[in-house]
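Participant: when you get a sec, could you give me coordinates for this:
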Amino acid sequence: AQVLVESGGGSVQAGGSLRLSCAASGNRNSFPTLAWFRQAPEKERERVASIGGDGIPRYLDSVMGRFTISQDNSRNTLDLQMTSLNAEDTAMYYCAAGPGGATMRWDFHHWGQGTQVTVSL
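Facilitator: Numbering: from 1, shown residues only. From the prediction side, this is the model:
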């Protein structure tokens, strides 16, 4: 089974940057799609960025140009570099792994415990 552990969350002022990291263990071959989701209080969990077996990153429109997802297959890690953060980015961020073609949150079978990102004005 996949085990995912996130790190790197914290508090930052608007306009600042944070880098999240997810360490994955287990058999990656069955779950080639990796993603970052986030969930703000009283809101649906939404996919922020993902990268599949094709290596092509995909982003939520509101983070395009500000967030960058990257994976290091040698270290089995998935990072999310976040810049120009604003208050709307405040949420719990989760790392997730799923099968090829996974896009919706119910497609992803493995989740980390989450890391909090708080952006203050």
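Participant: neighbours around Gln116, how many?
Facilitator: Around Gln116 there are 12 other residues, counting by other Cβ atoms under 10 Å. Bear in mind the C-beta positions are built from the backbone N, C-alpha and C, glycine included.
Participant: ugh, wrong one, I meant Met64
Facilitator: 10.
Participant: mind checking pLDDT for the residue nearest to Leu4 when sequence neighbours are not counted?
Facilitator: Once flanking residues are discounted, Leu4 sits nearest to Gly112: 3.8 Å by Cβ to Cβ, 6 or more residues apart in numbering. Looking at Gly112, its pLDDT stands at 96.
Participant: right, and Gly112 touches Val5 too?
Facilitator: Yes: if you go by Cβ atoms under 8 Å, Gly112 and Val5 touch, sitting 5.8 Å apart.
Participant: just want to know which of those two has more residues nearby.
Facilitator: Comparing Gly112 with Val5 by other Cβ under 10 Å, the one with more neighbours is Gly112, at 23 against 14.
Participant: give me phi/psi at that one?
Facilitator: For Gly112, the backbone dihedrals (degrees, to the nearest 10) come out as phi -80, psi -180.
Participant: ok, it - contacts?
Facilitator: 4-6, 22, 94-96 (Cβ atoms under 8 Å, 6 or more residues apart in numbering).
Participant: out of the residues you listed, who has the most neighbours?
Facilitator: Cys95 (29 neighbours).
Participant: measure that one to Phe108 for me?
Facilitator: Distance, Cys95 to Phe108, using Cβ to Cβ, to the nearest Å: 10 Å.
Participant: between the two, which contacts overlap?
Facilitator: Contact criterion Cβ under 8 Å, 6+ apart; residues shared by Cys95 and Phe108: Ala35.
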